[in-house]
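Return atomic coordinates for the entry below.
(chains A and B)
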Amino acid sequence: MEFMYALIGGLIVGVLFGFVLQRGRFCMNSAFRDIILLKEFKLAKAVVIALITLMIGFAIFAFAGVIQLAPKPLKIWGAVVGGLVFGIGMVLAAGCASGTTYRVGEGMVGSLVAGFGLTLGALMTGFGVLSDAKVFLQKTVIGEGPALTLFGEFGALTPIFMLILGIVGAVLTFYFWGLPVLKKKMEAKEPLVKFDNAVESIFKKAYPWWVTGIVIGIIGTVAYIVSNGVLGITGGWMDLSLWLTTGDVVAWAGFIILGAIIGSFISAYIGGEFKIRVPKDGLTLLKQLIGGILMGFGAVTAMGCNITNILGGVPQLSLHSIITGACIMFGSWIMAYLLFMRGDKE
Amino acid sequence: MVDITETLDVSGEVCPYPDVKSKRKVKKMNSGEVLEILVDYPLSAERIPETMESLGHKVLSNEKTGTSAWRILIQIK
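Residues are numbered from 1 along each chain as shown, chains lettered A, B, ... in the order given. Below you'll find the model as predicted:
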């Protein structure tokens, strides 16, 4: 019964998640890296909108008693080292944990290689040769009581802070990002919403950043409710590989990954964007494999990849997740600078 | 018909290589010349024209030539 619930629930949420990831091109690697590399902010804005939606969503369902919030305790070295290594790895792998997963469904062989690297790195760190390093890095826990959040220890007040921050964030982003777009459309006399080609825009076109952000936020909230707090990509890849190699029963997270790949494939296929693609340069594949292994190590050491920590933990104001998120971003900037920007200045 | 000065084929390349390579390429080209970019990665196909416009270059055309394949023509400013 429990297995069927994980199977059906996981697959449905996964397919939706994968579909939206592909339509929205939602990849935090691109989002963070391109802030400095291309001075391009649309995906970063989508991430911020998703976080605001999740904050409000989590807070409402926590008040209703539907979900239990569980911010992670602050394991400072796990967050810093794991985050930096993850950020460096994702630039090499050309995709964060979620970006890599949806690109597998698009037919990018390089991302499949990165996915295998991610799985290997995560298993090595979780149970294998690197597990001592992980235990060592996670030894220091700051705060003796409940997990530390942005506003002190986690408690009954935390969801209230989340709601306030979410609403303030929603107002600010609407004022600074939403209004200028609306004004432009009014001046150009474009209709705000075009209904005549709704099917086309939902199934075939790339989503605008704010739609992606809101929809990812809603799916994340639903996933948290249905799975009771399990929202992650790396754990899912580990789950799947353990099921394939040792026969352990696949849990919820594994089916999300399977569903996400299927959902992304459906989306890419309908949009005419599915094609088996291999990088011409073999070295790129090797870089993606190494990047994947680094991401796997980082994700397990930091107690979560970019989805678990940034989409799952940051909305709960977990200090651990906020520090990990900042380090992931910083790590990706270091690597983007070394790989693509150094010596490129005029 | 436009005269194409140079062609940059970034098919099979993953993000951000198509974007970075196109940016590096246009820097080396002269004003008025036309660059043809062949790309099969959706995100880059959407973003290269935007990046080029923000750099001041002119996007002459951007057409989908097949399943996940695009041909973008850029005229250097």
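
going forward, measure contacts between C-alpha atoms and count neighbours the same way
Noted.

how about the residues of chain B that lie near chain A?
Residues of chain B found near chain A (C-alpha under 8 Å from any C-alpha of the partner chain) are B:11-16, B:20, B:42-43, B:51, B:67-69.

Kindly supply the ChimeraX command isolating those of those that are buried.
A single ChimeraX command selects the buried members of the residues of chain B next to chain A (16 or more other C-alpha atoms under 10 Å in any protein chain shown):
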select /B:11,12,13,14,15,16,20,42,43,51,68,69
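
Need the pLDDT of the residue nearest the centre of chain B.
In chain B, the centroid-proximal residue (C-alpha atoms, centre = their mean) is residue B:37; its distance is 3.8 Å. The per-residue pLDDT reported for residue B:37 equals 93.

ditto for residue B:43
So residue B:43 comes in at 85 (pLDDT).

what residues are up against it?
By C-alpha atoms under 8 Å, 6 or more residues apart in numbering or on different chains, the contact set of residue B:43 is A:25, B:15.

With residue A:28 instead?
The contact partners of residue A:28, taken as C-alpha under 8 Å, 6+ apart, are A:43, A:44, A:47, A:95, A:96, A:98, A:99, A:306.

So which of the residues of chain B next to chain A is the closest to residue A:185?
residue B:51 (21.1 Å; C-alpha to C-alpha).

I believe the closest one is in a strand; please confirm or correct that.
No: read with DSSP: H, G, I helix; E, B strand; the rest coil, residue B:51 is helix and lies in no strand.

burial of residue 38, as a residue count?
Because you didn't say which chain, this covers chain A. Neighbourhood size, residue A:38 [other C-alpha atoms under 10 Å in any protein chain shown]: 16.

wrong one, I was asking about chain B
Neighbourhood size, residue B:38 [other C-alpha under 10 Å]: 20.

List the pairing partners of the lengthiest strand in chain B within its sheet, with orientation.
Ranked by number of residues, the top strand in chain B under DSSP state E is strand B:58-66. Strand B:58-66 sits in its sheet next to strand B:69-75 (antiparallel), going by DSSP bridges.

contacting residues around the strand it pairs with?
Contact partners of strand B:69-75, identified using C-alpha under 8 Å, 6+ apart, comprise A:273, B:31-41, B:45, B:49, B:52, B:57-65.

now stretch A:134-144
For stretch A:134-144, the external contacting residues (C-alpha under 8 Å, 6+ apart) are A:73, A:74, A:75, A:76, A:77, A:78, A:81, A:125, A:126, A:148, A:300, A:301.

Greatest separation within those: which pair is it?
A:125 and A:148, at 25.0 Å, using C-alpha to C-alpha across the contacts of stretch A:134-144.

burial measure for residue A:341, as a count.
Residues near residue A:341, counting by other C-alpha under 10 Å: 14.

picking that back up, in TSV: the contacts of stretch A:134-144, plus secondary structure.
Formatted as TSV, the contacts of stretch A:134-144 follow (three-state DSSP):
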residue	secondary structure
A:73	coil
A:74	strand
A:75	coil
A:76	helix
A:77	helix
A:78	helix
A:81	helix
A:125	helix
A:126	helix
A:148	strand
A:300	helix
A:301	helix
